[in-house]
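**Q** here's a sequence, model it:
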Amino acid sequence: MKINVFNTEDEVLNGLANYFVETAASSIAAHGQFSVALSGGNSPKKLYELLASPLYRDKVEWNKVHFFFGDERYVPNTDPQSNYLMAKKALLEPLELSYKQIFPVDTSLSPEEAAKKYTTDINYYFAGVDVRFDLVLLGLGDNSHTASLFPHTPVLHDKTASVKEVFLEDQQVFRITMTAPLINQAHHIAYLVYGEGKAIAVHHVIEDKKDIENYPAQLISPKDGDLQWFVDHSAAALLKSK
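**A** Predicted coordinates for the structure are as follows:
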């Protein structure tokens, strides 16, 4: 694990954008394509807008990139809460990508069927070889959740490399999420976290004793991959070692 600490939010975003560009180039050079699982939320939106901007859009062979989603809210893909819709507006449409490069979760199905179908779609894309995304982008919630791996939910104990439905009792809503084993198979995993409001969660996940029920992001620990954190000084403020 590597922790990259930057002075400002803009520096964090540029740091991860550069990492995205480098990872895309190495993946495309190695096997002709780049598979990335996107995350939702306000922080990733700024990253996506940056990648689609004139500063970065010409640095990636976008026609060789395939986009998946690490998790999704169980809403129509036209709903303002949809991770797909956010990524579509911030990144996918501005880059004028082919629909064949984009793999959204089919939320028109039941939560269980949507999760099963997305698992099938992912396995089909990897065509019988080990499912290893080139890059999985993650955020971190104030409650130490990542993707839709929330505290005290059954999916935290799922040992399958798959996609599962998650019901959040406190919100009375469903989410669809990649399991920790699936995320951990990735070649590269990158957290994007900034702001003082994330400092406690960052400390819990990185430095506290393992307690996945309360700090689910501790589950993310690739056995044969690169894990990097991109944080600002505010988010890293409570870390003893940076």
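**Q** surely Ile122 is within a helix?
**A** Yes: looking at Ile122 with DSSP: H, G, I helix; E, B strand; the rest coil, it is inside a helix.
**Q** how close does it sit to Ala17?
**A** 25 Å (CB to CB, to the nearest Å). Glycine gets a C-beta too; all of them are placed from N, C-alpha and C.
**Q** do Asn4 as well
**A** Relative to Ala17, and taking CB to CB, Asn4 is found at 12 Å.
**Q** looking at those two, which one has more neighbours?
**A** A side-by-side neighbour count of Asn4 and Ala17, using other CB atoms under 10 Å, places Ala17 first with 21 against 18.
**Q** wait, what's in contact with that one?
**A** 47, 50-51, 55-56 (CB atoms under 8 Å, 6 or more residues apart in numbering).
**Q** what ranges do the strands span in the protein?
**A** Shown for the chain, the strands assigned by DSSP state E span residues 2-6, 34-38, 65-69, 71-73, 135-138, 163-168, 173-178, 188-193, 226-232.
**Q** so which residues of this protein form helices?
**A** All helices of the chain, identified by DSSP state H, fall at 9-31, 42-51, 83-87, 111-125, 180-184, 199-207.
**Q** ok, and what's touching the lowest-mean-pLDDT helix or strand in the chain?
**A** The least trusted helix or strand in the chain, going by mean pLDDT, DSSP states H and E, turns out to be helix 42-51, with a mean of 95. Residues outside helix 42-51 that contact it (CB under 8 Å, 6+ apart) are 9, 13-14, 16-17, 20, 38, 56-57, 60, 86-87, 90-91, 137, 139, 192-194.
**Q** are any of those buried, and if so which?
**A** Among the contacts of helix 42-51, those classed as buried by neighbour count (16 or more other CB atoms under 10 Å) are 13-14, 16-17, 20, 38, 56, 60, 86-87, 90-91, 137, 139, 192-194.
**Q** for stretch 34-54, what is the distance to the chain centroid?
**A** Taking the mean of its C-alpha atoms, stretch 34-54 sits 10 Å from the chain's own mean (CA atoms, centre = their mean, to the nearest Å).
**Q** stretch 178-198 too?
**A** That offset, for stretch 178-198, works out to 6 Å (CA atoms, centre = their mean).
**Q** tell me the mean pLDDT over it?
**A** Mean pLDDT, stretch 178-198: 98.
**Q** and what of stretch 30-41?
**A** The model assigns stretch 30-41 a mean pLDDT of 95.
**Q** tell me the buried residues in that stretch?
**A** 33-40.
**Q** which single one of those residues is nearest to Gln172?
**A** Gly40 (19.0 Å; CB to CB).
**Q** what's the neighbour count on the residue lying closest to that closest one once chain neighbours are set aside?
**A** With CB to CB, 6 or more residues apart in numbering as the criterion, Gly40 has its nearest non-adjacent residue at 3.3 Å, and that residue is Asn83. Asn83 has 25 neighbours, counted by other CB under 10 Å.
**Q** what's Asn83 in contact with, if anything?
**A** When contacts are counted by CB under 8 Å, 6+ apart, Asn83 touches 38-40, 69, 71-73.
**Q** need those residues in TSV (columns: distance to Ala29).
**A** Listed next are the contacts of Asn83 as TSV, based on distance: CB to CB, whole Å:
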residue	distance to Ala29
Leu38	22
Ser39	25
Gly40	29
Phe69	25
Asp71	29
Glu72	30
Arg73	35
